[in-house]
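Novice: Sequence first, predicted coordinates after that:
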Amino acid sequence: MFEVSYSNQADKFLKKAEKIIAKRIMQKIEELTRAPVIHDTKSIQGSKGLFRVRVGVYRILYEVDYKNNLIGIVKIDKRPKVYQ
């Protein structure tokens, strides 16, 4: 299993989000700890090693470090904001 590390933005987002949204996002992150690239994962063009996964209208941007078994959650936000 992979360990998860959260950026400051991702941590703040999860604390401020509605409980139902935060729970769905955490369930998706739990899925990623078992298999870091799941069926609905897409690679971000122009950013080497950066992936995104959808949770409704929200997106989770993350990086995978296979050497250290670590997933770094870079950013979580709604679709138009997450890519800025």
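Specialist: Great, that's in hand.
Novice: contacts, neighbours, all on C-alpha from now
Specialist: OK.
Novice: what is the mean pLDDT for stretch 67-83?
Specialist: Computed over stretch 67-83, the mean pLDDT rounds to 91.
Novice: Residues contacting it, please?
Specialist: The contact list for stretch 67-83 (Cα atoms under 8 Å, 6 or more residues apart in numbering) reads 1-7, 9-10, 13, 33, 36, 57-65.
Novice: which among the residues you listed end up buried?
Specialist: By neighbour count, with 16 or more other Cα atoms under 10 Å, the contacts of stretch 67-83 hold 2, 4, 6, 10, 33, 36, 58-64 as buried.
Novice: name the element the residue in the chain sticking out farthest from the centre belongs to?
Specialist: Residue farthest from the centre of the chain, counting by Cα atoms, centre = their mean, is Lys67 at 18.7 Å. Here Lys67, judged by DSSP states H and E, is contained in no helix and no strand.
Novice: Glu3 versus that one, what's the distance?
Specialist: Applying Cα to Cα, to the nearest Å, the value for Lys67 to Glu3 is 12 Å.
Novice: Same check on Asp65?
Specialist: Here the criterion is Cα to Cα. By it, Asp65 lies 10 Å from Glu3.
Novice: and what of Arg54?
Specialist: To Glu3, Arg54 is 20 Å away according to Cα to Cα.
Novice: Would you map the strands across the protein?
Specialist: With strands called from DSSP state E, the chain shows them at 3-6, 42-43, 50-55, 58-65, 70-78.
Novice: export these to TSV and tack on distance to Arg24?
Specialist: As requested, these are arranged in TSV below (distance: least, Cα to Cα, whole Å):
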stretch	distance to Arg24
strand 3-6	16
strand 42-43	19
strand 50-55	7
strand 58-65	10
strand 70-78	12
